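K.L.:
when you get a sec, could you give me coordinates for this:
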Amino acid sequence: MEEFSFARQPILDSSLKLFAYEFLYRPTNTSDNRPLSLTSVVLTTAIIDIGLDKASNNHLAFINMSYDDLMGEHIEALPADRFILELLEDIKPDQTLNNRVKALVEKGYSFALDDFVYSPDWDPLIELADIIKLDLTITTLAENKTLISQLKGKKLRFLAEKVETHQEYEDYKSIGCDLFQGYFFCRPEKISGTAISEASFAKTELIARVNQSDISINELQNTIQQDPALTYKLIKYLNSAYFSFSTPIGTIKHAITILGMDGIKKWATILCLRSLSTKPLELIRVGLVRAKLAELIAIKNNENNPNSYFLMGMLSIVDSLLNSSMEDAIKTLPLAAGIINALLNKSGDMGQVLTSIIEHEQQLAVPTSNISDTYIEACLWADQISNSI
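P.N.:
Modelled structure (predicted):
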């Protein structure tokens, strides 16, 4: 049986809150990098192997549908209230398809039209669809503005996909799109002449100090306690339902005893980054997935410093959190050379891991089994953490 890799891409609303995920499947270790539309794969992976609620983090899930998928009986095993069925752009509409979609709509299913370019053949399906996806690499802003204006008054939402800059997000929001797919939120908004605040620099320096490899227990304790806000958040979080320790944790020293130095370093890093800005929570989730995935890969490869890989993954979003270049964001931090080279140049062993993770995340390259095996585990862990901080 052919092996497949799973990835999910976030879809945000106009307030940059998570609306849904698109589930993407590709064959691993082949030259074919096209997304698959196999509902049977979705059923097996998302519902049986993972659990739909876990795979989608209790949000809606978009899945690609081919003509044959739509005609198959197994589609009705998908819960109608949890999936949005996405009709691929290469489908040729006909009366049989129209009738099938209408029957599924009557059973409660929702549909999106992918990479939409208008032709009269699509009119019957436009009447049945809930969402139209506009690919920014296929149609222009002016063309999409005209289309949205022409379809105004219908029960449609418009989703801009492949949104890669904040300007594109603003442009498409202004013409009537209220859903957005792309990695614009993982990139810094360039604000000319605006320096990184002292408070933000202090947080990033704290992260670097906490994660120094030669720090002692007393130094770690004192470093964290120098930041009252972090101390409060850390103790409050460690006493939350996520951990459910039998004995309440009242001090950083106690926390280090329970979790160990590596555990405290990890949670201090996460909470510091979360407090850096008001960026979308999904950005933090991306950082968490990268961090956990990098750590798991390092462990799998028998690297002797998996915690450094974790830190590298978390810091890969710091430029976006601070709205700065990566060079400016980390230039004063006492980071290990391997982490610096990975973040600035994607070089070295760490850089190769980070590159592979981002390519998998954004579906830019053929997925490898090394990442596919651990990606879902990293996603589920990141969801747990981001839902609780």
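
K.L.:
tell me the contacts of the residue most central in space within the chain?
P.N.:
Nearest to the mean C-alpha position of the chain, by C-alpha atoms, centre = their mean, lies Val286 at 4.4 Å. Residues counted as contacts of Val286 (C-beta atoms under 8 Å, 6 or more residues apart in numbering) are 10, 186, 317, 361. In this view, the C-beta of every residue, glycine as well, is placed from N, C-alpha and C.

K.L.:
just among these, which is most surrounded?
P.N.:
For the contacts of Val286, the largest number of neighbours (other C-beta atoms under 10 Å) sits with Ile317, at 26 neighbours.

K.L.:
any stretches of the stretch 101-250 of the chain with poor pLDDT?
P.N.:
Across the stretch 101-250 of the chain, the ranges flagged by pLDDT under 70 are 190-194.

K.L.:
what segments of it are strands?
P.N.:
For the stretch 101-250 of the chain, the strands defined by DSSP state E, counting those that start in this stretch cover 110-113, 131-135, 157-161, 179-181.

K.L.:
so which of those is nearest Ser14?
P.N.:
Proximity to Ser14 (C-beta to C-beta) singles out strand 179-181 among these, at 7.6 Å.

K.L.:
tell me the buried residues in that closest one?
P.N.:
For strand 179-181, the neighbour count (16 or more other C-beta atoms under 10 Å) marks 179-181 as buried.

K.L.:
then stretch 201-212?
P.N.:
201, 203-204, 206-211.

K.L.:
and those, which is closest to Pro280?
P.N.:
Lys203 (18.2 Å).

K.L.:
verify the contact between the closest one and Ser277 for me.
P.N.:
No: taking contacts as C-beta atoms under 8 Å, Lys203 lies outside contact range of Ser277: 9.7 Å.

K.L.:
tell me who's in contact with Leu333.
P.N.:
Going by C-beta under 8 Å, 6+ apart, Leu333 touches 204-205, 207-208.

K.L.:
and what of Leu238?
P.N.:
By C-beta under 8 Å, 6+ apart, the neighbours of Leu238 are 245, 249, 255, 258-259, 267.

K.L.:
in helices, which of the residues you listed appear?
P.N.:
255, 258-259, 267 (DSSP state H).

K.L.:
in PyMOL, how would I select the buried members of the residues you listed?
P.N.:
Command for PyMOL that selects the buried part of these, burial taken from 16+ other C-beta under 10 Å:
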select buried, resi 255+259+267
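
K.L.:
show me which of the ones in helices among the contacts of Leu238 is closest to Glu89.
P.N.:
Trp267 (44.0 Å).

K.L.:
would you mind measuring from the closest one to Met350?
P.N.:
According to C-beta to C-beta, to the nearest Å, Trp267 and Met350 sit 21 Å apart.

K.L.:
and stretch 375-389, how far out from the chain middle?
P.N.:
Taking C-alpha atoms, centre = their mean, to the nearest Å, the mean C-alpha location of stretch 375-389 is offset from the chain mean by 10 Å.

K.L.:
who's in contact with that stretch?
P.N.:
For stretch 375-389, the surrounding residues in contact (C-beta under 8 Å, 6+ apart) are 5-8, 50, 54-55, 57, 237, 240-242, 270-271, 274, 281, 284-285, 288-289, 292-293, 296, 360.

K.L.:
of the residues you listed, just the buried ones, ChimeraX syntax please.
P.N.:
Buried members of the contacts of stretch 375-389 can be picked out in ChimeraX with the line below, counting by 16+ other C-beta under 10 Å:
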select :5,6,7,8,50,55,57,237,270,271,274,284,285,288,289,292,293,296,360
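
K.L.:
which of the contacts of stretch 375-389 fall within helices?
P.N.:
Short answer: those in helices (DSSP H) are 54-55, 237, 270-271, 274, 281, 284-285, 288-289, 292-293, 296, 360.

K.L.:
farthest pair within those residues?
P.N.:
Farthest apart among the ones in helices among the contacts of stretch 375-389 by C-beta to C-beta are Tyr237 and His360. That separation is 29.0 Å.

K.L.:
can you list the buried residues of stretch 201-212 in a markdown table and add distance to His74?
P.N.:
Listed next are these as a markdown table, based on distance: C-beta to C-beta, whole Å:
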| residue | distance to His74 |
| --- | --- |
| Phe201 | 54 |
| Lys203 | 50 |
| Thr204 | 49 |
| Leu206 | 52 |
| Ile207 | 48 |
| Ala208 | 51 |
| Arg209 | 54 |
| Val210 | 50 |
| Asn211 | 48 |
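
K.L.:
so how far is Ile148 from the closest residue to Lys152 other than its chain neighbours?
P.N.:
Nearest non-adjacent residue to Lys152, counting by C-beta to C-beta, 6 or more residues apart in numbering: Gly176, 7.7 Å away. In this structure, Gly176 and Ile148 are 4 Å apart, going by C-beta to C-beta.

K.L.:
overlap of the contact sets of those two?
P.N.:
Phe158.

K.L.:
does Asp81 touch Gly108 like I think?
P.N.:
Yes: applying C-beta under 8 Å, one finds Asp81 in contact with Gly108, separated by 6.7 Å.

K.L.:
so where's the stretch 251-389 of the chain uncertain?
P.N.:
364-370.

K.L.:
report how many residues lie close to Glu198.
P.N.:
By other C-beta under 10 Å, 8 other residues sit near Glu198.

K.L.:
repeat for Pro79
P.N.:
For Pro79, using other C-beta under 10 Å, the count is 12.

K.L.:
buried residues in stretch 167-186?
P.N.:
Those would be 168-169, 171-172, 175-186, for stretch 167-186 by 16+ other C-beta under 10 Å.

K.L.:
in those residues, find the pair that's most separated.
P.N.:
Maximum distance among the buried residues of stretch 167-186 (C-beta to C-beta): 24.3 Å, for Gly176 and Cys186.

K.L.:
you'd agree Asp171 is up against Leu141?
P.N.:
Yes: using C-beta under 8 Å, Asp171 is in contact with Leu141, at 5.6 Å.
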